[in-house]
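*Asks:* could you work out the structure for the sequence below:
(4 chains)
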Amino acid sequence: MAPLLDVRNLTKKFGGLTAVSDVTIGVEPRSITAIIGPNGAGKTTLFNLLTGIYKPDTGTMVFDGHSLVGLRPDQVNAAGMSRTFQSIRLFHGMTVLENVMVGMHSRLNISLFNTLTRTAGFNRQEVHVKQKASDLLRFVGLGGKGDEVSRNLPYGDQRRIEIARALASDPKLILLDEPTAGMNPQETVEAMALFRRVRDELGVTVVLIEHDMRVVMGISEYISVLDYGQKIAEGTPAEIRSNPRVVEAYLGRRAAGTTEPDMSAEVN
Amino acid sequence: MLDAGRSSLGSVSARSVLGWVYRFILFPIGQMLVFIVGAALVLTLLSYLLALLFPEPRPNISLMTQVNRQLPGMIVSGITIGFVYAMIALGYTLVYGVLKFINFAHSEIFMFGSVVGFEVMQRLAEGGNLPGWSPVLLVAFVVLAAMLASGLLAVLIERVAYRPLRGAPRLVPLISAIGVSFFMIDVVRAFQAITRNDFNLTYPLNNLEWIRNPVKLAIGEATVNIRPTQFIVVLGAVVTLIALNYFVNGTKLGRGIRAVSQDMATAGLMGINVNRMISLTFFVGGAFGGAAGALFGMNVGTVTPFVGFIPGIKAFTAAVLGGIGNITGALLGGLTLGLIESFLNGLLVYFPVLGQRYTDVFAFSVLILILIFRPSGLLGERVDEKV
Amino acid sequence: MQFKRSVFFLFVVVLALSVPLVGAQDAQVIKIASQSPLSGPQSVLGTSIRNAVELAIEQLSGPLTEMGYSVEFVPFDDQATPDVGVANANLLVNDAAIMAVIGHLNSGVAIPSSEVYNDNNLVMVSPANTNIAITDRGLPVVNRICGRDDTQGAAGAAFAASLEGVESVYVLHDTTAYGQGVADFFQKAAAEEGLTVLGFEGTTETANFEGVIQPILALDPDLIYFGGIYSQTGIFINQARAAGYEGLYMGPDGFDSSEFAELAGDAGVNTYYTTVAAPPTFYPAAAQFIEDYTAKFGEPPQPFAAQAYDSTGIVLAAIQSVLESGEELTREAVAAAVRATENYEGMTGTYTFDDNGDPELATYVILQVGSSDPAEWSNNAVLADFQAPSPLAAAAEATPSS
Amino acid sequence: MAANSVRQTPWTTVRATLKRPVVAGAMLIFYIVAAVVILSSLDRGNLWFPFYSTLLFPTLILSPFFVLAAPVQGWFKGVLVVVLLFVAIPYLGMRDTSYLELVIQICIFAGLALGLNIVVGFAGLLDLGYIAFFAVGAYMWAMFTSGAPTVFNINGWLVPETAFYIFIIFGIIVAAIVGILLGLPVLRLRGDYLAIVTLGFGEMIRVIANNLDQPINFTNGSQGLFDVGRPPIPFFMRDGVLTAERMLGLSITNVEPLSQQLLFYFIAIGIVAIIIMVARRLDNSPIGRAWTAIREDEVAAIAMGVPLVRMKLMAFAMGASFAGAIGVIYGAKQTFVSPESFSLIQSISILAMVIVGGMGGIRGALLGAVIVTLLNLLVLKNLSLQINALRNVDFIVPIINFRIQNWPSQLEPAKYERLIFGLLLILMMIFRPAGLLPEPRRRMELAQKKEEEAILGEGASPAADVLNDQPTVTARPDAEQA
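*Replies:* Below you'll find the model as predicted:
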């Protein structure tokens, strides 16, 4: 089976710094893949390259049979790849529901004529958009909070809104950038369940950047490890756990003794 | 140029004094010279090229002769106005560096400087002893008075109209600044209308012998009159610019300002009084605007409460041109814009269909083109937004 | 907006206004309005026009007062801006007591405002508008007692050509309706007179003219003609002289203000200017006016003040003639009476309007600035003066009457 | 406030009474009728006329806002507004056309403010050269119908005046195209840069209009286009005026100009009504949501599939097209179009309207337009007239014993438009940065709660009162770290 996302030899330099260097990653359809690595390893830059916010210097990115190179972020979104942000970037003045509705933009028929004349098709679409946004909010566990202003919600809820918003465009693949950062253990457990449901119930491939090893080891099926912009390892959680290079480059910097039990922990 | 002096002043050995002189005086002046000469050369070549391509015959002389005759004058006037723009642009750029907002009212701080300069000279003239002053002392006195007044005004404006808005969306202080600008124009106008019944304020330069004798310079076919006021503008600008360079890069207070402009929150945590630094920035930027105003006033002779608008916009353009937030950029942007404008005035007369009335259109086109192709300006660094 | 508070506010306002209003006046009131810039850079001239109208009403409304009318004066500030002028016009046409408008200073304001007057049959007499479009539109309510830019420009060019050693001219203008208009007429006439026009440039600069001056210096003209207003042209010549310009300097009636002397300083001495409104001192009959004006307002009258005084006089005389004829006093009647003015003896000349509202004979004067002292402005030397017929009058003369 | 309201004081009784629909409705009717009667019976010769008209006319014009906020039923609000627009104001206009002129000016500026509101308020693009599109519309109509010697004036043959209504559509299209052409290169720029570049474009268009009399005369340059055509007066307008004159026993001397003004009045409110509808539909649609998203966070918006440049261009073009349509009307109404009318000051005063009213809200933009226009054209002018009138009769202010004649003429209020204007902007930004009527999108749900609370009873919660008064929009993170 061809990978849904096929990244080959991707390189991005900022001045003298090579943020992403010759990275090759494949993501299978309907998988959950984690990208890990120490701070500054180039993970977020990789996401920004994938979603068109940065332009790669060299390399190819093929998503679902189409090249992503040169696409604008909105075109990437339309192609079926959506994302969340490391620092939450909601539209803070808008309501929760509106935030999710914006996420549907690339799936809508945006016609000035229809908007101004309020054709039947337009009205149907609006009803559908609202309905779908409510459904998504219910899916992420925020049913009934659609009319609140998003900035007034707690942190964990804001992360959920971001995920709902990213799911609104019916993506084939969703990129989650540290989706559990700042969550307490209870919220983290719930979030992991949510990621699984995203894959299992919606059939969306999930790629996430994560620092919390319990999350990484708990839900991901494949793991790629970046260090200094280079991919130093990939494989199943078990393989990564036993890869000496990873242990040295990544885990070795932390107290290996404390992380080892975490990596084996199974959290449901 | 202005980033040259990174190191603080250490021990006072002969070598470090020399190094200091080099770093804070010779190097900046050298840089300015190189830049001016370079820009002037490029524009000169462009003039000749255009003259060759479009040999529109003049009624009495050939176009080549005209270019030969007007070039030196154009360069001199371009440099003069360029330094004025540069000094105003510094106010925009300093404030932008620290607060990341366009101080729209800066043009009125410039205007205030020019009006204060007039007031001081007029009072001295009414006292009757104006010609008795030594030129250097008089100019220094007028400029310093304008600097002080404008600096304080800038601090006051920041305190009243901007500080309560800090942290609000970007549009909010910008609009408040537009309000301040309008307000200032009318306050100065009302004051002058009541006290003098007139607001065309003419500097009393006529009874100063030394200011009326230009230096005549013959270059080929051309004779340029370099007026003492033009010397004053350039000299005053260079002196104050060097002082600013030293202040920002060589003193503790300057380091504070730089720290605040890097990261306000962290600077605050490091024990820097952020509000004081911001006030200081406004004072310094305002003082520069005031100095520019007084020098400009002496050079052109007559100012009004409305005089700030055009130079303000031009100086802002200059700041953007150089890369807003970048002090050296403001200087280079100002000089570039001054020279471009001066040359445009000279070049557009080649084309009767266009003419000088299109000068501003072309000046703005330059701005737009630069913003499109190099949005960070000549010297600004491209900052990618952190995602 | 909070309803309870706002409705309470409204209520208070209504109650306050239900307080009995001051009763209407019984005496029959005739009002004369003026429109001129009372603020902004040209307010010196505009204020002087306003003051002269006030003085004229005070001094000349005797006959009307005897008939039982009281004449009041309503000044408006048009800020030299078309929009403000039109807004004022719409305001003042609604005051039924206003019978005439004296104004404006700026043709760009007078043209749109006069459309409003015309809609409401309100007569306008202009002391200062020289643009040809003012009267060439043929509006029945629009009149002026001054000359026209086409004749003024030509007169300037003829005079420039007559000056010794003047062979080339460089023409500047301020890109406004007035300045560019008159500069254009000058340019054309100058070419016809055989002068070489070295350049025709417009500039909006108001403070720093260095960039404008350099190309002029390179061309070295014998004379610079600047179609513009004193607040710009005075500063220009100051800087041009400092930059080394040694030729002659000339301009239209926009130069005509004592402010010019102040702004130009010594550089402005010997400047030539044409005007359609000679200084009051030029008219022997105006001595009393100058004295009265200075006594009332504390400063000597500016140019156009005497013309504003005469404009008011024409209007008052027309109203008087309407009342004497026993007709009902309406705006139409006043407008017709003003247009029918024949041989009105004002202090600045004898006025008869042609069918377009131009004076059949207008006076054009060429003066030279004598001193950099603003107080001496009204003593500028009159080098030449002549009367030229309006285009209609000239055409009537040209076609032999049957 | 909340604590007091629990107790039954006379004051709370009054307030409760005021909130009853019947009482509120009766008060509104009384107010409108009283204002119209007083205004129309005021004589311009009256010494205190400027004072009264300054007090009364603005409150009359602002009454729709009170009506809309009043606790009365929807149909009643509608009837009141229609009566106000189609009976009260035309009647007042027949008695005194200057009021009609004022309302037309307000409509023109309201249309412009609504257009700029789309660009600045909805999409968050600070445009300081907005007046350029207005100029495009005005020139559009004026070039083809002016009596000035332009290239289009072929031996006096001009576009017939009946084409006016088609030209409104042309104005919309051409202005939108100009908007797109100007927007294409600059919309990638950051906020502040965009502001300055649009400012530059605005000035450039003005300079070009001023100079496009050479080599081919398109705009008649600085002389301006005079004698611009007006839409023909339909017979029913003239008949209507005559009928009204007969029925109301008025004596109207200026039937022709009055019908013309009335025609412009109806065209102006018609176009403003259309603009309001368009703006509302845009706001309440995927397009409006995308604009808000862009305003809030460009990066997030584009990552969520909102095509930035296209949506920004659409905002630019929509805003421009409103200005284009309004420009055509302005050109025809003014019958004179010259570059002087399209200065930066105008752009900024339109911006001020949007700000004063409340960025992003339609009602806010309307309110801002009314307030700023009235301030410019009525309040300051009337203050000057009042002072002058008092000077004429040598009035002495009682109590403080101040002779009005001693008021220096340099201090006439009309001269200090900018001062008041500037002060207004500063104070608004400091005390009510969200404007007088903050954006409804951000208050929608809060307002709903407020209404519920109001229905539930008098004892409103403190929260509801806070929400009534405070702009909920601006969170100001305290920057005083040090």
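*Asks:* how about the contacts made by A:Ile209?
*Replies:* With contact set as C-beta atoms under 8 Å, 6 or more residues apart in numbering or on different chains, A:Ile209 has these partners: A:34-36, A:43-44, A:47, A:86, A:175-178. C-beta coordinates here come from the backbone N, C-alpha and C atoms, glycine included.
*Asks:* how about a cut-off of 6 Å?
*Replies:* Listed by C-beta atoms under 6 Å, 6 or more residues apart in numbering or on different chains, the contact partners of A:Ile209 are A:35, A:43, A:177-178.
*Asks:* mind putting the residues you listed into JSON lines with secondary structure and pLDDT?
*Replies:* JSON lines is the format used below for the contacts of A:Ile209 (DSSP: H, G, I helix; E, B strand; the rest coil; pLDDT from 0 to 100):
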{"residue": "A:Ile35", "secondary structure": "strand", "pLDDT": "92"}
{"residue": "A:Lys43", "secondary structure": "helix", "pLDDT": "89"}
{"residue": "A:Asp177", "secondary structure": "strand", "pLDDT": "92"}
{"residue": "A:Glu178", "secondary structure": "coil", "pLDDT": "90"}
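*Asks:* just the mean pLDDT for the top helix by length along chain B, thanks.
*Replies:* Ranked by residue count and defined by DSSP state H, the top helix of chain B is helix B:63-99. Looking at helix B:63-99 alone, the average pLDDT works out to 88.
*Asks:* helix or strand for the residue of the stretch 201-350 of chain B found nearest chain C, which one?
*Replies:* Going by C-beta to the nearest C-beta, chain C is nearest to B:Asn345 of the stretch 201-350 of chain B, at 3.3 Å. Remark: B:Asn345 resides in helix B:327-348, with elements defined by DSSP states H and E.
*Asks:* from the chain's centroid, how far away is the helix or strand just after that helix?
*Replies:* Next along the chain after helix B:327-348, taking DSSP H and E as the criterion, comes helix B:359-373. Taking C-alpha atoms, centre = their mean, to the nearest Å, the mean C-alpha location of helix B:359-373 is offset from the chain mean by 19 Å.
*Asks:* hmm, helix B:359-373 in reach of chain D?
*Replies:* Yes: for helix B:359-373, a contact with chain D is found by C-beta under 6 Å from any C-beta of the partner chain, at B:361, B:364, B:367-368, B:371-372.
*Asks:* out of those, which one sits closest to C:Ile49?
*Replies:* Within the residues of helix B:359-373 next to chain D, distances to C:Ile49 taken as C-beta to C-beta reach their minimum at B:Val361, with 35.0 Å.
*Asks:* right, and that closest one touches D:Val207 too?
*Replies:* Yes: because the distance of 5.2 Å satisfies C-beta atoms under 6 Å, B:Val361 is recorded as touching D:Val207.
*Asks:* if you count contacts, what does the strand or helix carrying A:Thr18 end up packed against?
*Replies:* When secondary structure is defined using DSSP H and E, the element that contains A:Thr18 is strand A:17-27. With contacts defined as 3 or more C-beta pairs under 6 Å, 6 or more residues apart in numbering or on different chains; DSSP states H and E, the packing partners of strand A:17-27 are strand A:5-14, helix A:43-50.
*Asks:* before we move on, back to that, okay, the angle between the longest helix of chain B and helix B:327-348?
*Replies:* Following axes from the mean of the first three to the mean of the last three C-alpha atoms, to 10 degrees, one obtains 150 degrees for the angle between helix B:63-99 and helix B:327-348.
*Asks:* report whether helix B:63-99 contacts chain C.
*Replies:* Yes: Helix B:63-99 lies within reach of chain C by C-beta under 6 Å from any C-beta, at B:66, B:69-70, B:73-74, B:77.
*Asks:* out of those residues, grab the one that's most surrounded.
*Replies:* Comparing the residues of helix B:63-99 next to chain C by number of neighbours (other C-beta atoms under 10 Å in any protein chain shown), B:Ser77 comes first, having 32 neighbours.
*Asks:* chain A versus that residue, what's the distance?
*Replies:* Taken as C-beta to the nearest C-beta, to the nearest Å, the spacing of B:Ser77 relative to chain A amounts to 40 Å.
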